[in-house]
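What follows is a predicted structure for the sequence shown.
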Amino acid sequence: MAIRLERYREIVHGRAGARFLEADLEGKLLRAGELSSPCRLCERRCGADRRGGKTGSCGVPGARVSSEFLHYGEEPELVPSHTIFFAGCTFKCAFCQNWDISQDPAAGIEMAPASLADRIERGGGINVNWVGGDPTSNLEYILRVMRELRDRDMNIAQVWNSNMYLTEEAMGVLDGVVDVYLSDFKYGNDRCARRLSGVDRYFEVVSRNHRLAAGQCEILLRHLVMPGHIECCTRPVLDWVAANIPNDRLRVNVMDQYHPDHMVLREKEKYPELCRRLRPQEFLEAYEHARRLGLDLV
Ligand code: SF4
């Protein structure tokens, strides 16, 4: 069997260069700036003039770092991971477990790109893990930090930890700078996505972006199994991934840690199926399905 995330592992061991070191970061910065005003970084395509201080649906005017630290709780191949949590998100998930930062774009602090690069340089992580909320709204800032890292000749893998609701144009900016997509694929249909995360065209957008991501680099895909969503979400997601993403570019983490949180606790009558934890038998069913599909499981 092929070694998964092979290219990423080569970077971690210093036998290959992280992609951003060779990328045209100036050109990508210009493009990211264009895409942020009017904003079309994510498929909400709000058109907000973010450079003029306006905000769109995510509420993010400029990057605010909620926290950054060496994360030891990620998948084994990623730790220790220097994880950068941005405030704000392009989604509004009713069950979000990070809702205090994802739904509060004012959480956190502004941090100069050079200051964050300093922390990454001193931190000792084996990768930089851009997350939130979701990192998409902060693409221009992230490229500025990468430029600082490049100027220090820091060979460190770049992990894009995202709901994958970016536009195709934003995916184009990421092409050549991301080493691993730590992607989230939650819903097997648009109805659940609209009801639980408030987004349209979910399956079309997120499946398209997984295809694009697989054309760029390797993917470590996360799927959170949710109670009552195995038939409508878990099975279709896993089936689609197995049929459409080359197996040698993919690892899959089928996750069992769902617990009721955020709006699910406040409006229980609206989310009756999500008001409990997953039963062991439900997780086993999901995991076995993924195994039978031949997916490489974390
Ligand atoms: S990133 Fe934010 S402002 Fe830009 S299109 Fe998406 S939701 Fe709107």
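Received the coordinates, thanks.

Angles on the backbone of the residue lying farthest from the centre of the chain, please.
What lies farthest from the middle of the chain is Glu269; by C-alpha atoms, centre = their mean that is 29.5 Å. Dihedral pair for Glu269: phi -70, psi -20, per degrees, to the nearest 10.

ok, it to Met263 distance?
11 Å (C-beta to C-beta, to the nearest Å). Where you see a C-beta, it was placed from the backbone N, CA and C, and this is true even at glycine.

same deal with Ala193?
15 Å.

same deal with Phe85?
Taking C-beta to C-beta, one finds Phe85 at 20 Å from Met263.

With neighbour numbers in mind, choose between those two.
Between Phe85 and Met263, Phe85 has the larger neighbour count (other C-beta atoms under 10 Å), namely 23 against 19.

Give the bridge partners for that one, please.
Ser67, Val131 (DSSP bridges).

was I right about it contacting Ala63?
No - between Phe85 and Ala63 there is no contact under C-beta atoms under 8 Å: 11.2 Å.

mind exporting stretch 88-104 as CSV, just the C-alpha atoms?
These are the backbone C-alpha positions of stretch 88-104, laid out as CSV (Å, rounded to 0.1, in the frame of the first residue of the first chain):
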residue,chain,number,x,y,z
GLY,A,88,-15.3,34.3,12.3
CYS,A,89,-16.6,31.7,9.9
THR,A,90,-18.3,31.5,6.5
PHE,A,91,-20.8,28.9,8.0
LYS,A,92,-23.3,29.2,10.8
CYS,A,93,-23.5,25.6,12.1
ALA,A,94,-26.2,25.1,14.6
PHE,A,95,-24.0,22.5,16.5
CYS,A,96,-20.7,24.4,16.3
GLN,A,97,-18.4,23.4,19.1
ASN,A,98,-16.2,26.5,18.6
TRP,A,99,-19.1,28.9,18.3
ASP,A,100,-17.6,31.4,20.8
ILE,A,101,-15.0,32.3,18.2
SER,A,102,-16.6,31.1,14.9
GLN,A,103,-19.7,33.2,15.4
ASP,A,104,-17.9,36.2,16.9
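
Let me see the mean pLDDT of it.
For stretch 88-104, the mean per-residue pLDDT is 95.

Would you enumerate the residues in contact with Met154?
Ala117, Ile120, Glu121 (C-beta atoms under 8 Å, 6 or more residues apart in numbering).

burial measure for the one residue in the chain that gets nearest to the ligand, as a count.
Nearest residue of the chain to the ligand (C-beta to the nearest ligand atom) works out as Gly56 at 2.6 Å. Counted with other C-beta under 10 Å, the neighbours of Gly56 add up to 22.

For it, what are phi and psi?
According to degrees, to the nearest 10, Gly56 has phi -110, psi -150.

Run a quick check on it versus Glu43, I expect a contact.
No - under the criterion of C-beta under 8 Å, Gly56 makes no contact with Glu43, lying 11.8 Å away.

so Met164 is in which element?
If you go by DSSP states H and E, Met164 is not part of any helix or strand.

just Arg277 next, same as before
Arg277 belongs to no helix or strand, assigned by DSSP H and E.

Quick check: the closest residue to it other than its chain neighbours vs Leu224, distance?
Spatially, and ignoring its direct neighbours in sequence, Arg277 is nearest to His259 (5.5 Å; C-beta to C-beta, 6 or more residues apart in numbering). With distances taken as C-beta to C-beta, His259 is found 10 Å from Leu224.

Which residue of those two possesses the greater neighbour count?
Each of His259 and Leu224 has its neighbours counted (other C-beta under 10 Å); Leu224 has more, 21 against 12.

Show me the helices in the stretch 101-250 of the chain, by range?
113-123, 139-151, 168-174, 190-197, 202-216, 235-244 (DSSP state H, counting those that start in this stretch).

Show me the contact partners of the second one.
What it means is helix 139-151. 20-21, 23, 25-26, 28-29, 32-33, 35-36, 41, 62-63, 113-114, 116-117, 120-121, 128, 130, 135, 156, 158, 170, 173-174, 177.

do that again at 6 Å, thanks
20-21, 25, 28-29, 32-33, 36, 41, 63, 113-114, 116-117, 130 (C-beta atoms under 6 Å, 6 or more residues apart in numbering).

Buried residues of that helix, list them for me.
For helix 139-151, a neighbour-count test (16 or more other C-beta atoms under 10 Å) marks Leu139, Glu140, Tyr141, Ile142, Leu143, Arg144, Val145, Met146, Arg147, Glu148, Leu149, Arg150 as buried.
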